[in-house]
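In: Sequence first, predicted model second:
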Amino acid sequence: GQQVMQIPQYQHVQEGEDFTTYCNSSTTLSNIQWYKQRPGGHPVFLIQLVKSGEVKKQKRLTFQFGEAKKNSSLHITATQTTDVGTYFCAGRGSGTYKYIFGTGTRLKVLA
Amino acid sequence: GAVVSQHPSWVICKSGTSVKIECRSLDFQATTMFWYRQFPKQSLMLMATSNEGSKATYEQGVEKDKFLINHASLTLSTLTVTSAHPEDSSFYICSAEDSTDTQYFGPGTRLTVL
């Protein structure tokens, strides 16, 4: 079945450093979503990417969907302590209705 | 943004009892709702997809007789954990999908079975 892996599993950065998490699917995706989950909280929707090669920005966050629609990345510029949490990608396979969540990347930002 | 509520937020029950969890989309209609399970420090595992007016679609390995799902209206889905056992203790999260395929998650329900 469809599998979605994320790397790295954990990342500790100093405040102000950049951060990137990568998401890789075993199958081609129709679209991909990114979520952030704070400790003790529930996932919060960040963005959805649909088109091959699509790039979207939200302030310091840059999201990219690969040309083959099998991978995606989230890049945070100049991290802040408020960026702490686990970032999940969730991919919807072509011809399916459901999203499979990636393994997640847990980000810690050291002040 | 859209709001999804879940009730209860936490529940402690004795082994062998059944627990019902409600998931409501408060300001939009959701034809599809999803139920996930999350173990500590792990990802979300899709349990089933709930479609209004039809039977839920369960993921492989999820017992449909154990986890009963009912999607009675466009704003309400329920998950009943029947004859709960300690291994069913987990964080259960629902999500409701709007017309743009965006999933909005409920705050989750932490179930502890003694």
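Out: In hand now; what should we look at?
In: drop to CA atoms for contacts and neighbour counts, all remaining ones
Out: Fine.
In: now stretch A:66-80, how far from the chain's geometric center?
Out: 6 Å (C-alpha atoms, centre = their mean, to the nearest Å).
In: start to end distance for that stretch?
Out: 26 Å (C-alpha to C-alpha, to the nearest Å).
In: Can you give me the buried ones in it?
Out: A:66, A:69-76, A:79-80 (16 or more other C-alpha atoms under 10 Å in any protein chain shown).
In: Just the element for the residue nearest to B:K20 when sequence neighbours are not counted, please.
Out: Closest residue to B:K20 apart from its sequence neighbours, by C-alpha to C-alpha, 6 or more residues apart in numbering or on different chains: B:T80 at 4.2 Å. Element membership for B:T80, per DSSP states H and E: strand B:76-81.
In: what's that strand packed up against?
Out: Helices and strands touching strand B:76-81, as assessed by 3 or more C-alpha pairs under 8 Å, 6 or more residues apart in numbering or on different chains; DSSP states H and E, comprise strand B:19-25, strand B:67-73.
In: before we move on, back to that, now the residue nearest to B:K20: how far from chain A?
Out: 20 Å (C-alpha to the nearest C-alpha, to the nearest Å).
In: who touches that residue in this structure?
Out: Shown in contact with B:T80 (C-alpha atoms under 8 Å, 6 or more residues apart in numbering or on different chains): B:18-21, B:66-69.
In: May I have the beta-bridge partners of it?
Out: Assessed by DSSP bridges, B:T80 has beta-bridge partners B:K20, B:L68.
In: Those residues of chain A touching chain B, which are they?
Out: A:41-45, A:48, A:88, A:98, A:100-104 (C-alpha under 8 Å from any C-alpha of the partner chain).
In: at 10 Å what do you get?
Out: A:31, A:33, A:35, A:39-48, A:86-88, A:90, A:97-106 (C-alpha under 10 Å from any C-alpha of the partner chain).
In: and the angle for the strand holding B:T80 with strand B:19-25?
Out: For strand B:76-81 against strand B:19-25, the angle by axes from the mean of the first three to the mean of the last three C-alpha atoms, to 10 degrees is 160 degrees.
In: picking up where we left off before, now list the buried members of the contacts of B:T80.
Out: B:19, B:21, B:67-69.
In: of these, closest to B:S5?
Out: B:I21 (10.5 Å; C-alpha to C-alpha).
In: So for that closest one, what's the nearest residue that isn't a sequence neighbour?
Out: B:L79 (5.1 Å).
In: what's the neighbour count on that neighbour?
Out: 21 (other C-alpha atoms under 10 Å in any protein chain shown).
In: Okay, now the unreliable bits of the chain?
Out: All of this refers to chain A. For chain A, applying pLDDT under 70 flags no range at all.
In: Sorry, I should have been clearer: chain B.
Out: B:1.
In: who in it is up against chain A?
Out: B:32, B:34, B:40-46, B:48-49, B:91, B:93-95, B:100-108.
In: So what does A:D83 look like in phi/psi?
Out: phi -80, psi -10 (degrees, to the nearest 10).
In: Quick check: it touching A:K36?
Out: Yes: counting by C-alpha atoms under 10 Å, A:D83 does reach A:K36; the two are 9.0 Å apart.
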